[in-house]
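A.B. asks: next input, structure requested:
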Amino acid sequence: MSDTLPRRGAAALARPRVHGWAAAGLVLAGLPFYLDRFWLQAGLFAMAAAIGAIGINLLTGATGQLSMGHAFFLAVGAYGYCAFAGDGTDGLTGLGLPGWLAAVLAVALAGAAGGAFSPIAGRLRGAYLGIATLALIFIGQHVLFNADDLTGGFNGRAVPPLTLFDLTFDDSELVVAQVPFGSAEKLWYLGLLLLLASALFARGVLRGRPGRAMNAIRDHRIAAGVLGIPVARYRAAAFVLSSMYAGLAGVLLALVFQRTVPEYFGMLLSLEYLAMIVIGGLGSVAGAVVGGVFVSLLPQLLNRYSDALPLVSAPGTGGIAPGEAARYLYGAAVVAVVLFLPGGLVRLAARPRGRTARPSHSSREER
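C.D. replies: Below is the predicted model of the structure:
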């Protein structure tokens with residue numbers, strides 16, 4: 001009898017959670033019918049950021065490896081897709097592959113790039129690994145700006161639209177329930193599916209044996225090795241998996257931007273991804289999503305409403321630019337989270353549930 005009570009309590013707590021996720025899914029699925037292009041693009045940027053944040057959270061939050069080169073692998077995914085899907089009519093290198101195949105190969109290419117670096121990642125840790133991955137940013141920026149035939153140089157290159165099951169994700173009009181769907185509306189559902197699949201896969205990894213091994217390596221590397229965990233192999237695997245997540249985020253970003261620009265994939269982008277997982281919650285898939293949405297949406301909202309906000313104005317008009325104001329704000333958020341909420345913003349939602357699930361002293365005595 002005493003065993004059935006906790007099970008019933010857990011089931012009762014799980015039902016509202018499932019209903020909440022189902023309601024949120026329905027709301028997200030219906031948003032393209034009501035939102036304009038700005039909000040849809042902002043949401044797509046947030047989805048891409050969340051996917052990339054899940055990847056670096058597997059590496060930094062779950063395994064304890066500091067990476068400053070996450071933007072490099074986003075660039076590999078974005079430019080890899082352009083090279084595989086491009087037909088060469090713009091004078092740049094392109095293989096003319098189908099869009100879905102180009103996207104898969106771009107993610108695999110990002111994973112291969114991570115695999116090439118994984119022997120270093122498997123042996124270095126802490127600040128040493130951070131400095132080593134920082135070199136990837138400088139190498140990537142040099143290649144992006146100088147390999148004109150492949151990347152288009154400073155001006156970047158146009159992104160070919162994705163075609164999947166005879167559906168092209170471009171601005172060609174598709175009418176659904178008398179609502180015209182353009183590229184943003186079509187990509188919205190693709191982004192939702194990719195984010196859902198990425199989150200579920202990462203959650204499965206963290207809740208399974210690999211996740212327990214990764215957490216053991218993060219908490220105590222020597223003890224994990226004594227227990228028989230191949231530390232270098234798991235670190236290398238986590239780096240490859242994180243790189244593939246970054247490649248997928250890069251592909252989605254390229255499809256949303258419709259043009260790749262080298263300066264976007266710089267050191268600042270890597271720092272933003274570190275801020276995402278710290279603000280959202282280290283080692284948590286939900287925390288990575290929350291942090292990715294927060295950091296990616298903040299500058300866009302400030303830019304949208306800069307006229308109504310004090311001290312924030314358009315660049316070059318004398319005030320604080322929206323991008324700079326956003327960095328100040330999420331920089332302050334990082335400090336606040338580290339000092340007052342070490343578990344990240346995701347803990348704000350977990351605390352009430354933990355309090356309600358905790359049994360009282362009287363219930364313990366009754367048992």
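A.B. asks: helices along the stretch 201-350 of the chain, start to end?
C.D. replies: For the stretch 201-350 of the chain, helices defined by DSSP state H, counting those that start in this stretch occupy the ranges 209-219, 221-226, 231-257, 267-280, 285-304, 322-340, 346-357.
A.B. asks: do you know which of these lies nearest Gly111?
C.D. replies: Among the helices of the stretch 201-350 of the chain, the nearest to Gly111 by C-beta to C-beta is helix 231-257 (4.1 Å). Backbone N, C-alpha and C define where each C-beta goes, glycine included.
A.B. asks: can you check what angle separates the closest one from helix 285-304?
C.D. replies: 30 degrees (axes from the mean of the first three to the mean of the last three C-alpha atoms, to 10 degrees).
A.B. asks: could you check the angle helix 209-219 makes with helix 231-257?
C.D. replies: Using the same axes, to 10 degrees: helix 231-257 against helix 209-219 is 110 degrees.
A.B. asks: packing partners of helix 231-257?
C.D. replies: Under the contact criterion of 3 or more C-beta pairs under 8 Å, 6 or more residues apart in numbering; DSSP states H and E, helix 231-257 touches helix 37-56, helix 70-85, helix 99-121, helix 183-207, helix 209-219, helix 221-226.
A.B. asks: list the buried ones in the fifth one?
C.D. replies: This means helix 209-219. For helix 209-219, burial by neighbour count (16 or more other C-beta atoms under 10 Å) applies to Pro210, Gly211, Ala213, Met214, Asn215, Ala216, Ile217, Arg218.
A.B. asks: and the shortest one, by the same measure?
C.D. replies: Neighbour counts using 16+ other C-beta under 10 Å place Arg221, Ala224 of helix 221-226 among the buried residues.
A.B. asks: what is that helix packed up against?
C.D. replies: Contact partners of helix 221-226 among helices and strands, from 3+ C-beta pairs under 8 Å, 6+ apart: helix 209-219, helix 231-257.
A.B. asks: which residues sit against that helix?
C.D. replies: Where contact means C-beta atoms under 8 Å, 6 or more residues apart in numbering, the residues beyond helix 221-226 that reach it are Gly64, Arg125, Ala213, Ala216, Ile217, Val231.
A.B. asks: which of the helices or strands spans Leu66?
C.D. replies: Here Leu66 is covered by no helix or strand, with elements defined by DSSP states H and E.
A.B. asks: can you pull the contacts of it?
C.D. replies: Residues in contact with Leu66 (C-beta under 8 Å, 6+ apart) are Thr60, Arg125, Gly126, Ala127, Leu129, Gly130, Thr133.
A.B. asks: narrow the residues you listed to just the buried residues.
C.D. replies: Buried by 16+ other C-beta under 10 Å: Thr60, Arg125, Leu129, Gly130, Thr133, out of those.
A.B. asks: for the residues you listed, which one is nearest Ser306?
C.D. replies: When the buried ones among the contacts of Leu66 are ranked by distance to Ser306 (C-beta to C-beta), Thr60 comes first, at 32.3 Å.
A.B. asks: how much space separates that closest one from Leu200?
C.D. replies: Computed as C-beta to C-beta, to the nearest Å, the Thr60 to Leu200 distance reads 20 Å.
A.B. asks: shaky segments in the stretch 151-300 of the chain?
C.D. replies: 173, 175-179 (pLDDT under 70).
A.B. asks: need phi/psi at Arg157.
C.D. replies: Main-chain dihedrals, Arg157, degrees, to the nearest 10: phi -140, psi 150.
A.B. asks: and if you look at Pro342?
C.D. replies: Dihedral angles (degrees, to the nearest 10) for Pro342: phi -60, psi -30.
A.B. asks: and Leu167, by the same measure?
C.D. replies: Note on Leu167: backbone dihedrals following degrees, to the nearest 10 are phi -110, psi 120.
A.B. asks: which ones are touching it?
C.D. replies: Residues in contact with Leu167, defined by C-beta under 8 Å, 6+ apart, are Leu174, Lys186.
A.B. asks: ok so, going back, out of the contacts of Leu66, flag the one nearest to Leu348.
C.D. replies: Taking C-beta to C-beta as the measure, Leu348 lies nearest Thr60 of these, at 21.1 Å.
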